[in-house]
Each structure stands twice: as structure tokens, then as C-alpha cells.
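>>> Whatever this is, show me its structure:
(chains A and B)
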2 protein chains.
Amino acid sequence: MCPPAPLAPSSGVDPVSPRQYLDVVRARIDERLREIFAQVEGDTTAAAPATLPVLAAARDLTMRGGKRLRPAMLFAAIECVEPGAHPRATTDVGAALELFQTYLLIHDDWMDNDPVRRGAPSVHVSLARHYGDAHLGACSAILAGDLLSALVHELVGSVELPAARRRALVQAFGRMEREVILGQCLDVTHNQDIQRIHDLKTGSYTVRGPLLLGAAIAGAPEEVWRAFERFAEPLGLAFQLRDDVLGAFGSEADTGKPVGGDFREGKSTLLVRHALEHLDASDRDELRAVLGRRDASEADVLRAQALVERSGAREHAESVVRALRERCLAALDTPALLPDGRRLLAGFAAMLSERSK
Amino acid sequence: MCPPAPLAPSSGVDPVSPRQYLDVVRARIDERLREIFAQVEGDTTAAAPATLPVLAAARDLTMRGGKRLRPAMLFAAIECVEPGAHPRATTDVGAALELFQTYLLIHDDWMDNDPVRRGAPSVHVSLARHYGDAHLGACSAILAGDLLSALVHELVGSVELPAARRRALVQAFGRMEREVILGQCLDVTHNQDIQRIHDLKTGSYTVRGPLLLGAAIAGAPEEVWRAFERFAEPLGLAFQLRDDVLGAFGSEADTGKPVGGDFREGKSTLLVRHALEHLDASDRDELRAVLGRRDASEADVLRAQALVERSGAREHAESVVRALRERCLAALDTPALLPDGRRLLAGFAAMLSERSK
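As a prediction, the model looks like this:
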């Protein structure tokens, strides 16, 4: 591949919009991901062709991945500091972020027993069908995740950067990775500290991770790292809350998952907890009767939605999201960050906290 | 930590024996592993103290790990090329090899439903007890492996080496990692190409991987890489065959696993396949009746041992091991490798192929 051209939106006149920027990043990341999978498919065909269905399941989930917002956050972070710095390394780290997400989703979906992901059967389900055996499906899904994890680290370990930046990059990636894993660990063991779980499991690699990886690649001063942390924390929480609202009220077309799946899974979201606190006793009992029931009917789910709505939980969540967005935008208000990068980050913050899918 | 002193055995007079060398490496690697776990324990206590039991299970399995032969192979490979080169990087990569092995064992033991590892409950079993739930045990064991994988890559990604050596190291680690995962994938899906499974699943990270990582760290010329490949292939197979003999005939005290576990698991080892080919019909049926029966009695297992012995399979395996060892020693016979390193590798080859535990 030729060294990619910088994405820099900052020619001064006619700056690109966050949406256009996202499109450019997506095209670049998708191209790099296709190259990576073509290469690994070649290696795998040579070493163990019988395992190709496992690789294909991992590739398919990655490629039906959509927006590539995490790599876009990474690129935008660099625009805040040293526009266009190290585009090849950034592209590789951006692709690694997407592969990392696929790895996490595959392992999580098996742990949470989630049958659907991005509008199609999740990897453990599709591999269980392929092998005609649930345990083989689970094992090969775990191995699909492990294989992606190996690719992530080949990419991150191979980037060419000045030594101090490379060191900072590897450390930031390691911190992010461990945070996500510990967050998932809290989640599966039903820990009650929901906010910490969201911060570790989602905020870490959706917002904070990509920004700090960008800070590392751009060799950002301490002040920038702190501004990114201040921006990331409320945005990560807003993203998670938006996710909860979509998980409760979003259509299958929007979310790629059955309507009201969060109710059937009994997820203890802020919405549900607010509703349980604010409903009267009989409504509360009625809601409780649906939560965590995998076989709840469509009518049950509609009833649960109505109860959560009536409790004011949805309105409450929306107002919390607005407040969090204010906080995160305020964090951008520092001369330590270049204006074009700030504009992009503000745009992405709006997309993450307002998205409807 | 102070930069470790080189291990170099090659002061000319009074060279250390392979066993002494192994002891020195073990002490160094164990010290580094303790440092790493202390650091991660601090981070984990700060981020998510509720997950400490998961980290503890991973640490305990790592620390009851025994011989540290893989790091010793790594150090010895460097003695073949540039004695004492980059001791700090080598120590980190050696520790990473042990953490990598723990990660693999944890995931594999869950996949293979193995209840015992290194003389104690395997990680998914001990975590299932801790959480009082088999699925939580499985999930948290997978996450324990994922956490170790993150540590492995922080270590490997952070080593300080000249750029070309670092690049070669990351590539060699990535190749090894993917080979092991594909090998396990073939294994769990009952692929019949046993020799390929052994090469990918065991040979890759027991012999070939450590040697090629050493070649990368030492900046070895092409000739050395080829010599290491020629040495590694037969030794990896010999190691696996020795493992099969121990799995069939070893005592629980030696292997840390119940006697004859391979029979109960129905593993299609070379021993078993030789026996099935060479026994007469009634003995063969008798052996088949034990294979794969998890609830086989001790008497059944003793009978299976006797049948395999009678078929000549054990003797056959021993003669194959001898032939493989000849081949691997012949590969060392090249002036491209320094004599002290060769002597160490020959010693480790004997340990790996003759070991009784």
C-alpha cells in the first residue's frame, strides 16, 4: 500500500464537515481492513485451511461494522495537535481499533448469550450452526476473538513512530485493553457499580482510548492528554446512556437487534433503575415481571417500554445526556487544541450522544 | 528494576551446564513475573478491585509453572548468535512467553473441559467455585486469558531494540501466536491432521517460537533462522510424542493430571492410533470401549495401558523420539551457531524429549 495522504481538513478555506471527515476515514479504514484480511487469509490458507470458516466469521462481523467512529476520533485527536502526523501509523492503529472491537464483541456476545449482532447472527451462533454443535461454536468463537487479538497486536506492535511516541502508544493501548477486560469482568459477575462498568467497558475504548492513542501518535503535551480525558469521560457516559435508550426504545432496523432486547436480558441500565425507583408499586411489579425474561412476548416488551416511559426515565436520560454533552464540549475550550480538530471532536460528540442507531 | 546482567555461559572456562543455565533463567523470569503481577495488581486494585480473584487465578497458574524451558530456549538461541545481547528485552520476552502459555492453557482447559492443570484445579474450575456458577467460571476464565494476552502484548510491544530487530520480533511473535490459535482451532474441531495440529499447537510456541524470537532479538542472519527451523520441527514433534507417552503412562505425581487422562478424553494420539492399527480385533474393541469414556474406572485405564503397551506402540513412540532427536541434533551442526549456544540447545533438546514430567 502507498503511504496514505494526510486527511487534514485544515486547508483553511472550506473545511470538511465531521460527516465528510467520517466518510474519508471510513473509506481508508475499510480499505486497510480488507488488505489485512486478505493477507491473513493467505497465511491461514497455507497453515490450516480448515480454519477458514472461523476467520471468515471474524472478517464478516468486522466488515459489516458501519461508521468507524473510533478511528475517526483517533484521526481527529491528531488534528487537534499535529494535523496529518504519521498517517500510516494512524491508519494501522485505526484498523486495530476496529479489529479490537470485533474481538471484544465476539467474546462478549458468547458470554452474554447474545444471538444477534449488527443485524446478523453473532459469531458463536453462526459457528455453532457451521459445526452443528454449540460447544464447538463457542470454542471457535473464542478462538476467532483470540485470532483478532493477535492481529491487533501485530498491527500496534509494528507501527513505525519515534521511540517516545511508540512507547506512549503501546502503553495507552495496553491500558485501554485492560480497562475494557476488567469492565467486562465486572459486568458478567453482576457488579452493581454500573457507572464504573460503563466507564471501563465502553468509555475506555469508544472515546478515551482513541483520543489518547491519537495524543500518543501526535506526541501531544500533558495539557492535551488532560483535555482529552476531561472530554472523554462525560462523552463515554453519554454514549452509553444513548445506547441504553436505543436498547429500550430503538427499532430493530435502527439497532440491528430485536426490539427491547435489554428488557429481555434484564440489563440494569440507568433507565430501568430510574423506572423502578419512580414507578408505583403495582407498575414496578409489572415491569419486574418482564425484566430478564428471555421468552417475554412482544406485548410484554411494549408494556415494559410504556412503563419506563411513564416513569419519566427516558426524559431523565435525555436531560442527563444533554448535561454530559455540555460538560464534554466545555473540555474542548482550551487553546491547547487546534480549532479544526476541536470542531471535528465537537461534531463527533454530537453524533455519539444524539445517534439514533 | 536494574538492567539484568547477561546470562552468558561462555566465559570460556568452566561453562555452565544446561541445567544450571535453566536455573538461572528460571530465577530471572520468576522475578520478572512477580514484578509484572505486582504492578498489574496495583492497577487492577485501582480500577476494579472486585476483579482481583480473576487476576489471582491467572497469577497462581503462571507462578506454579515450573521449569521455564521456553524462556531458556529463547536465551539459548541468543547465545548461539550474540551472547548476552539485550538482556532486558530478552527477559521481558521470556516473561511474555510464560504469560502467553498461561493464557493458552486457561482458554484450552475450558475448551477441552480439563479440570486439572499443573496439579491444581484449572482456572475455569476454580473461578466457577469462587462465583458459584459454571458459566461465570467460564466467562471469567476467558477474561483471565484475555487479560494475560493484553499483558503479553504490552511487554512485547514495549521492548527496546534496534528498529529492524524489534520489527522482526513483533512479526515472529505474531506468527507464533496465530499458529497456536489455528492449531487449537483444528484440535477442537476434531481435524484429523494430527501432525499439523502438533506442529501448530505445540511445536510453534514450545520450540520454534522461542528460538525465532531469540533470532530476532540477536539480529541473526538468514542462515541461523533456517538452522533454528530445522532444529525446531523434529524437536517439537518429539516433545509432543513424549507428552503423549506421559499422558498415557505417566503417574499423577509426574504429570499433575489423573493417570491415563488421555484415554478418558479419547485423544487420538500417535500411541493410540498405532495400537488400534496393530492390535487384533478383540483387543482393539476392548481398547475402543475405554477411549473417550470420561467415567472409565481405574481398572479400565490400566487395561487400556496394558493393551497399548502390548501393541508395541510405546516402543514405537520411543524409537520415533530417538530418530527425531537425531534429526534435531544434526540441525545444530553448523558453524553459523556459536558452540556454547549449541551445547545449551542440545541439552534442552534432551530434556524436552526425555523428560518424565
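>>> For A:A346, give me its contacts.
Counting by CB atoms under 8 Å, 6 or more residues apart in numbering or on different chains, A:A346 makes contact with A:P18, A:L329, A:L332. Using the backbone N, CA and C atoms, a C-beta is placed for each residue, glycine as well.
>>> Would you mind measuring from A:Q195 to A:T202?
When distances are taken as CB to CB, to the nearest Å, A:Q195 and A:T202 turn out to be 11 Å apart.
>>> With neighbour numbers in mind, choose between these two.
A direct count of neighbours by other CB atoms under 10 Å in any protein chain shown for A:Q195 and A:T202 places A:T202 higher, at 20 against 11.
>>> Let me know the secondary structure of that one.
Classification of A:T202 by DSSP: H, G, I helix; E, B strand; the rest coil places it in helix.
>>> what residues are up against it?
Neighbouring residues of A:T202 by CB under 8 Å, 6+ apart: A:G183, A:G236, A:F239, A:Q240, A:D243.
>>> Could I get the buried residue list for stretch A:235-251?
For stretch A:235-251, a neighbour-count test (16 or more other CB atoms under 10 Å in any protein chain shown) marks A:235-250 as buried.
>>> same check, this time on stretch A:307-323
Neighbour counts using 16+ other CB under 10 Å place A:L307, A:V308, A:S311, A:A313, A:R314, A:H316, A:A317, A:V320, A:V321 of stretch A:307-323 among the buried residues.
>>> Any idea how far that stretch is from the middle of the chain?
A distance of 23 Å separates the C-alpha centroid of stretch A:307-323 from that of its chain, computed with CA atoms, centre = their mean, to the nearest Å.
>>> what sits up against it?
Contact with stretch A:307-323 is made by A:238, A:241-242, A:244-245, A:248-249, A:270-272, A:274-275, A:278-279, A:283, A:286-287, A:353, as judged by CB under 8 Å, 6+ apart.
>>> mind running it again at 6 Å?
Here stretch A:307-323 makes contact (CB atoms under 6 Å, 6 or more residues apart in numbering or on different chains) with A:A238, A:L241, A:V245, A:L271, A:H274, A:A275, A:H278, A:L279, A:D283, A:L287, A:S353.
>>> Now the helix or strand hosting A:D243: average pLDDT?
Taking DSSP states H and E as the definition, A:D243 sits inside helix A:222-249. Mean pLDDT, computed over helix A:222-249, is 92.
>>> That one - contacts with which helices or strands?
Counting by 3 or more CB pairs under 6 Å, 6 or more residues apart in numbering or on different chains; DSSP states H and E, the packing neighbours recorded for helix A:222-249 are helix A:209-217, helix A:313-331, helix A:339-354.
>>> among these, which is the most enclosed?
helix A:209-217 (a mean of 27; mean count of other CB atoms under 10 Å in any protein chain shown).
>>> so does that helix get close to chain B?
No: against chain B, helix A:209-217 shows no contacts by CB under 6 Å from any CB of the partner chain, the least distance being 12.0 Å.
>>> Now for A:E265, how many residues are close by?
Around A:E265 there are 17 other residues, counting by other CB under 10 Å.
>>> Equivalent analysis for A:D43, please.
Under the neighbour criterion other CB under 10 Å, A:D43 is assigned a count of 15.
>>> ok, then the element right after the worst-scoring helix or strand of chain A on mean pLDDT?
When each helix and strand of chain A is scored by mean pLDDT, DSSP states H and E, helix A:252-255 comes last, with a mean of 76. Toward the C-terminal end, the helix or strand that comes next after helix A:252-255 (DSSP H and E) is helix A:261-265.
>>> and that following helix, how far from the chain's centre?
On CA atoms, centre = their mean, the centre of helix A:261-265 falls 20 Å from the chain's centre.
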